[in-house]
Each structure stands twice: as C-alpha cells, then as structure tokens.
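Q: give me coordinates for this.
(2 chains)
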Number of protein chains: 2
Amino acid sequence: MTGEFGPREGETAIDLPAGHDAGLYFIGRIRTPWTRREDCPKNGREASDVCFLDIDPRYAQGLRDVAGVSHLHVLYWMDKAPRNLVVQKPRHYGAARGVFALRSPARPNPIALSVVDLLGVEGNRLAVRGLDCLDGTPLLDIKPYFASTDSRPEATVGWHASSRRA
Amino acid sequence: MTGEFGPREGETAIDLPAGHDAGLYFIGRIRTPWTRREDCPKNGREASDVCFLDIDPRYAQGLRDVAGVSHLHVLYWMDKAPRNLVVQKPRHYGAARGVFALRSPARPNPIALSVVDLLGVEGNRLAVRGLDCLDGTPLLDIKPYFASTDSRPEATVGWHASSRRA
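A: Residues are numbered from 1 along each chain as shown, chains lettered A, B, ... in the order given. I've put the predicted structure just below:
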C-alpha cells in the first residue's frame, strides 16, 4: 500500500474487511515479455506481442474445445496491486476518479479482465495476443467471448471522452 | 458437488487444491427478480428486467464518475456452483466440453462476467439491464466497458456455431 501504488494527493484509502468472503485458485500463470511494470504496454489493444497462458495440468482437461474459439476473456490476478484505494488519480489522467469508473489494477478485488485473440493451443499452453501484464501473473479464468452478449461497439465512457490526453 | 450440479455421464470432476491462493471481498449484492435457478433468463442479453447493484457503503466512494459510463462489466460470484467440473455437458447442448470453452457458472473460480447497460445511479445503488443471476448474488467488481478494447463484433465460437439448438 506504499511506494509506487501508495495514495497520492486527492486519493482515498479505506479500511478493508478483516477477513475474506471467498477464495481463489490460481489455475496457471501468464507468460509475457515484461518483467517491469514500466515496460508493460498501456493496454492490451496496444500490445502486439504474443503471450502465453500456461494452464496447471490439474485443469488441463478444461481446455477441450477451446481451440475453435477466436477470442477469449482472460481473468487474472493483479497480485501486486493495493486493494484499498477507492478514489484514484491515474498518472496519465489528471483527475481523481472512483475505482469503479477506472480499469486500474488497484481495486478491492484486483481481478483484471482482457479480451485476447487466441492464436493457438499446444498441450496446456495457449498462445494469445492482447495482454499487457507482468510475466508470471496468476491466471484465474478463461472464457469464450461471445459477440452476441459481450460486444458493445456503441459503449461510451463519459469522463474518458472529455479528458483524453491530446 | 451433487444434485443439480453433480457430474453427469461424460463429465469429469477433479480434486481441487487443499487451500486457496488468494481471497475475495464481497463488495455488495445483486438484486434481481429471480429467486430460483430455473426462473433465471438463459443469458443476460435475453434479460430485459431491471436489476440493481447494491454497493456496500465501505466502497461507495468508488462509484464517483460511474454515472457517465454507458456500459459496465459486472463481475460476480456464483457461490452455489461446484468448482471441480473441468468437462461439462450443459443441458441445452448435447456434447461434453471443456469448462474454459463454456460460460457455465460451474468453474474452478466461479467468477461470472456480464456486460450491462447502466440505467442510473442513486446513492450506493446502480440500476442496470442485462443480468441473469439469482437475487442476492455476491458482487465482486464493476468496470467501465471500453468499446476500443472490449468490443469484438467479429468474435466466433467454433463449437457453438455448429451445435446451436434448432
């Protein structure tokens, strides 16, 4: 909760609950070219590098039929992010905003969500394009992306439209 | 792991790890009209009913600026689903498939993901359209939906295209 992720002026930190309400299993690890936060692409759409999802053998049978899916939702765990910053001031935007209006990795449950192109499946390993996270990031889930329910080309984010960097 | 969610013929159950790797906080609850699983819509796109996201007061400051967002990703916890079924046979499709090729609530980490239309914000409560879950479902996260990174109208799911119900 300190250092590069610590509260900045205008940010709000809260007290978190004493205990957790549910538990997660890491089902594998994400392999990316980036070992330092400052080297990661700003978001997955800007990331052209191929990354890999290495699934723990325990869950490998769950990959059956994944090879025919063009795009996946990948859920992963931002294990280095603080969880108590409900109002944040991202470096690249000036204003302080609520965490639920942001895609910051720092959130009460630091579950990151990316849409990736599936490039191939080989054994327990999926090759994908579209991730921007650190090498070794814990993997939580993989879901097929259905255009009918998941695609909303008309979506808008009010604060973002009016505060883009020039 | 038994009853309505138990393994059916052709399904595969695994042994789960002895302990969890990370913990979740429930940040609120989802209010829907559905109290029995059989009453829930088949998916969010078919659900026209208004539902509510009630955020715990502890996290309420995190809602700042959410009102200007048109669509949200909602992450929630399918607390009644088994976590050990890596190969499953959904009732409405004939074949057994890997869990990572399905959107089944039963998965190693039963985190459900829906895209919703944000209809309004009043205090700690968000009115949304597009959910299909049971009343009282625990809420994990809310994220703004960015068309630039999240929308993929061209996405296809191979097994689904060839196995739709007539």
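Q: now do stretch A:41-51: everything it contacts.
A: Here stretch A:41-51 makes contact (C-beta atoms under 8 Å, 6 or more residues apart in numbering or on different chains) with A:30-34, A:92, A:103, A:114-116, A:119, A:127-132, B:148-149. All C-beta atoms are positioned from the backbone trio N, CA, C, and that covers glycine.
Q: right, I mislabeled it, should have said stretch A:61-72
A: Contacts to stretch A:61-72, defined as C-beta under 8 Å, 6+ apart, come from residues A:55, A:115-118, A:120-121, A:124, A:126, A:128, A:142-145, B:12, B:14, B:86-87, B:96-101, B:107-108, B:152, B:154-159.
Q: tell me which of those residues fall in strands.
A: Using DSSP state E, the subset of those located in strands is A:55, A:115-118, A:120-121, A:126, A:128, A:142-144, B:12, B:86-87, B:97-98.
Q: now these: which count as buried?
A: Neighbour-count burial (16 or more other C-beta atoms under 10 Å in any protein chain shown) applied to the ones in strands among the contacts of stretch A:61-72 gives A:55, A:115-118, A:121, A:126, A:128, A:142-144, B:12, B:86-87, B:97-98.
Q: which stretches of chain A form helices?
A: Per DSSP state H, chain A carries helices over the ranges A:147-150, A:158-161.
Q: need the winner for burial among those helices.
A: Highest mean neighbour count among those (mean count of other C-beta atoms under 10 Å in any protein chain shown): helix A:147-150, with a mean of 17.
Q: which elements pack onto it?
A: When contacts are defined as 3 or more C-beta pairs under 8 Å, 6 or more residues apart in numbering or on different chains; DSSP states H and E, helix A:147-150 sits against strand B:111-122.
Q: next one: the strand it packs on to chain centre, how far?
A: The chain centroid and the centroid of strand B:111-122 are separated by 11 Å under C-alpha atoms, centre = their mean, to the nearest Å.
Q: neighbouring strands - and their directions - for that strand?
A: Using DSSP bridges, strand B:111-122 pairs in its sheet with strand B:71-77 (antiparallel), strand B:125-129 (antiparallel).
Q: out of the ones you listed, deepest packed?
A: Note that of the strands paired with strand B:111-122, strand B:71-77 is the most buried (mean count of other C-beta under 10 Å), with a mean of 23.
Q: shouldn't residue A:97 be in contact with residue A:85?
A: No - Residue A:97 is not in contact with residue A:85 according to C-beta atoms under 8 Å; the separation is 10.9 Å.
Q: can you pull the residues that touch both of these two?
A: Common neighbours of residue A:97 and residue A:85 (C-beta under 8 Å, 6+ apart) do not exist.
Q: the closest residue to residue A:31 other than its chain neighbours bridge partners, please.
A: Of all residues not flanking residue A:31 in the chain, residue A:52 sits nearest, at 4.1 Å (C-beta to C-beta, 6 or more residues apart in numbering or on different chains). Applying DSSP bridges to residue A:52 gives these bridge partners: residue A:31, residue A:127.
Q: isn't residue A:52 right up against residue A:33?
A: No - at 10.3 Å, residue A:52 does not count as touching residue A:33 under the criterion of C-beta under 8 Å.
Q: for residue A:41, give me the pLDDT.
A: At residue A:41, the predicted lDDT confidence score is 85.
Q: same deal with residue A:104?
A: So, for residue A:104, pLDDT stands at 93.
Q: measure it to chain B for me?
A: Per C-beta to the nearest C-beta, to the nearest Å, residue A:104 is found 9 Å from chain B.
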